[in-house]
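Trainee: coords please:
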Amino acid sequence: MSLVILENIKKDYITGEISTPALKGISLSIEPGKFISFIGPSGSGKTTLLNLLGGLDRPTSGKVTVAGTEISALDRRASAKFRGENIGFIFQNFNLIPVLSVYENVEFPLLMVQELPPAERRLRVTEMLEKVGMSDQAHKYPGQISGGQKQRVAVARALAARPKLVLADEPTANLDHATAYKVIGLMHAMKKELDTTFIFATHDQKVVGEAEQIYTIEDGLLSAGVK
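Mentor: Numbers count the residues shown, from 1 in each chain. Purely as a prediction, here's the structure:
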């Protein structure tokens, strides 16, 4: 059974009386446990597509189904609940909360949307920090750790709720070459261990080279790559 199904997705942005098409009818299905890259020039629609997959935006027309739920039909509250239970996000600018410690940043999504007892939260946060090699930095704040460490924390945060799907928007853009490969390797390991599907929007050839399937988006249209 497909984890993600897109059915003739179109997205238009309206500015005054002007309608600008961002996506022009995309259909796609993705199986569980895959490592997928969307590539294409800036403005091609990659981030728009990720936002639709994550329930952060709605298509102008078409259906987005994730884990058997048509998320494009959910209201705001139901969409937030679904995201919290099923989808993790990793961003190029990390998006860590500066006033929270590393531990608290990873715990935050569990506090927001999941009714987990404190002992289970501690177990999940501790487990994820150990997996990403950040246990000894748990008490520090984002301003006290490196960019690579911040992205490791972001990966731990995205996976703490054990989501079926992780969406990553240029996750290695602010990392040096060696650190980027370490983060990609970490995500590959998490995919194998937890059977999580990773979908990337990226220009980074290091990420593209590790993908099991590549899709090109250009002018709002989708085509499959060679893998």
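Trainee: Could you measure from S2 over to P163?
Mentor: In this view, S2 and P163 are 16 Å apart by CB to CB, to the nearest Å. Any C-beta I mention is one placed from the backbone N, CA and C, and that applies to glycine too.
Trainee: ugh, wrong one, V66
Mentor: From V66 to P163 the distance is 10 Å (CB to CB).
Trainee: between those two, who's got more neighbours?
Mentor: V66 (24 against 21; other CB atoms under 10 Å).
Trainee: Okay, strands next: where are they in the chain?
Mentor: For the chain, the strands defined by DSSP state E occupy 4-15, 18-30, 35-39, 61-66, 69-70, 87-91, 165-169, 197-201, 213-218, 221-224.
Trainee: Which of those strands sits closest to T48?
Mentor: strand 18-30 (4.6 Å; CB to CB).
Trainee: Tell me the strands beside the closest one, with direction?
Mentor: Note on strand 18-30: by DSSP bridges, its sheet partners are strand 4-15 (antiparallel).
Trainee: for this protein, what spans make up the helices?
Mentor: Secondary structure of the chain, counting by DSSP state H: helices at 46-53, 76-86, 102-113, 118-131, 147-159, 177-194, 205-210.
Trainee: coming back round to it: nearest to N105, out of the strands of the chain?
Mentor: Among the strands of the chain, strand 87-91 sits nearest to N105 (CB to CB), with 12.6 Å.
Trainee: shaky segments in the protein?
Mentor: Along the chain, segments meeting pLDDT under 70 span 114, 225-227.
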